[in-house]
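Asks: this is a predicted model, with the sequence first.
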Amino acid sequence: MPDFDDVDASNLHRQVLYGTSDVGRPKVEAAKARLQDLNPDIVIETHDAALTSENALGIIEKYDVIVDGTDNFATRYLVNDACVLLGKPNVYGSIFRFEGQASVFSAADGPCYRCLYPEPPPPHLVPSCAEGGVLGVLPGVVGTIQATETIKLLTGIGETLVGRLLLFDALRMSLAYTTRAGAFLLLLTEVHPRLLDLPPQPYPAGAPSLPGPQQLSINEAPLPAETAPVGPPAPPAAPEA
């Protein structure tokens, strides 16, 4: 659980892990105390620091499944790239106003976040949650979907969101899926020998480039088609703030 921030009163309407007594406390400290109060038998490792290209691989390599709760695009792309390098499944969730998205990326049999969104949107295109607002219950809805996918990955049960993007519209109370038939899949066995490390800070959210002949090898292959595509995915939802 990496986070360098402190609990603020403005967090409480959507980040139900915290209460008013936690305002001003480090988020990792407050979160650990709350979760261990729910279940004192669990072991929680915290990292009171920002996730950077210098520490991302060292932190992420310790865990079997990574759950992406990032609040900015640069860190989201950093998490994706680290998961690709380490071969870790990345349980993705994003929210904006009344809408949410969820998927499972970087798994051995599916695409990664860059396969769906190679480049971040221009800064002016997607306003922040502070500018656009977010329905307070939406993080809980999307977070519960992420928790469900994590349990399925760890236990090997059910059918995950690998290769599918779940789109949730709270105003219409609708769920839809889109599959990117023919989307590019990274061949991890080809990428690993070439991408030996992450670029230094500030981390570039744009598509990574490699010098000379060391180019990413990609293979055009269809994604699973359990559900019919509903059209191209919407632009990436703004990260939850």
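Replies: Sure thing, it's come through.
Asks: buried residues in the longest helix along the chain?
Replies: If you go by DSSP state H, the chain has its longest helix at helix 138-155. Neighbour counts over helix 138-155 (16 or more other Cβ atoms under 10 Å) mark 138-139, 142-143, 145-146, 149-150, 152-153 as buried. Every C-beta, even on glycine, is put in place using the N, C-alpha and C of the backbone.
Asks: now the very next helix or strand once past that helix, how far from the centre of its chain.
Replies: Using DSSP states H and E, the helix or strand that directly follows helix 138-155 along the chain is strand 165-169. From the chain centre to the centre of strand 165-169 is a distance of 14 Å (Cα atoms, centre = their mean, to the nearest Å).
Asks: pull up the pairing partners for the helix or strand just after strand 165-169, direction included.
Replies: Next along the chain after strand 165-169, taking DSSP H and E as the criterion, comes strand 174-178. Strand 174-178 pairs in its sheet with strand 165-169 (antiparallel), by DSSP bridges.
Asks: follow-up on the earlier one: quick check: mean pLDDT of the longest helix of the chain?
Replies: Mean pLDDT, computed over helix 138-155, is 95.
Asks: and stretch 90-98, by the same measure?
Replies: 92.
Asks: and stretch 68-87, by the same measure?
Replies: pLDDT averaged over stretch 68-87 gives 88.
Asks: and that stretch, what's buried?
Replies: Buried residues in stretch 68-87, counted by 16+ other Cβ under 10 Å: 68-70, 73-86.
Asks: filter those residues down to the ones in helices?
Replies: Using DSSP H, these in helices are 73-86.
Asks: and these, which is closest to residue 170?
Replies: Distance to residue 170, by Cβ to Cβ, is smallest for residue 76 among those, at 21.4 Å.
Asks: leaving out the residues flanking it, which one is nearest to the closest one?
Replies: Nearest non-adjacent residue to residue 76, counting by Cβ to Cβ, 6 or more residues apart in numbering: residue 70, 4.6 Å away.
Asks: test my guess that the one you found contacts residue 79.
Replies: Yes - with contact defined as Cβ atoms under 8 Å, residue 70 and residue 79 form a contacting pair (6.0 Å).
Asks: anything in contact with each of the two?
Replies: residue 51 (Cβ atoms under 8 Å, 6 or more residues apart in numbering).
Asks: and residue 17, how many neighbours does it have?
Replies: By the criterion of other Cβ atoms under 10 Å, residue 17 has 17 neighbours.
Asks: gap between it and residue 98?
Replies: Going from residue 17 to residue 98 by Cβ to Cβ, to the nearest Å gives 22 Å.
Asks: over to residue 72?
Replies: 21 Å.
Asks: hang on, the earlier thing: which of the buried residues of helix 138-155 lies closest to residue 169?
Replies: So of the buried residues of helix 138-155, ranked by how close each gets to residue 169 (Cβ to Cβ), first place is residue 138, at 10.4 Å.
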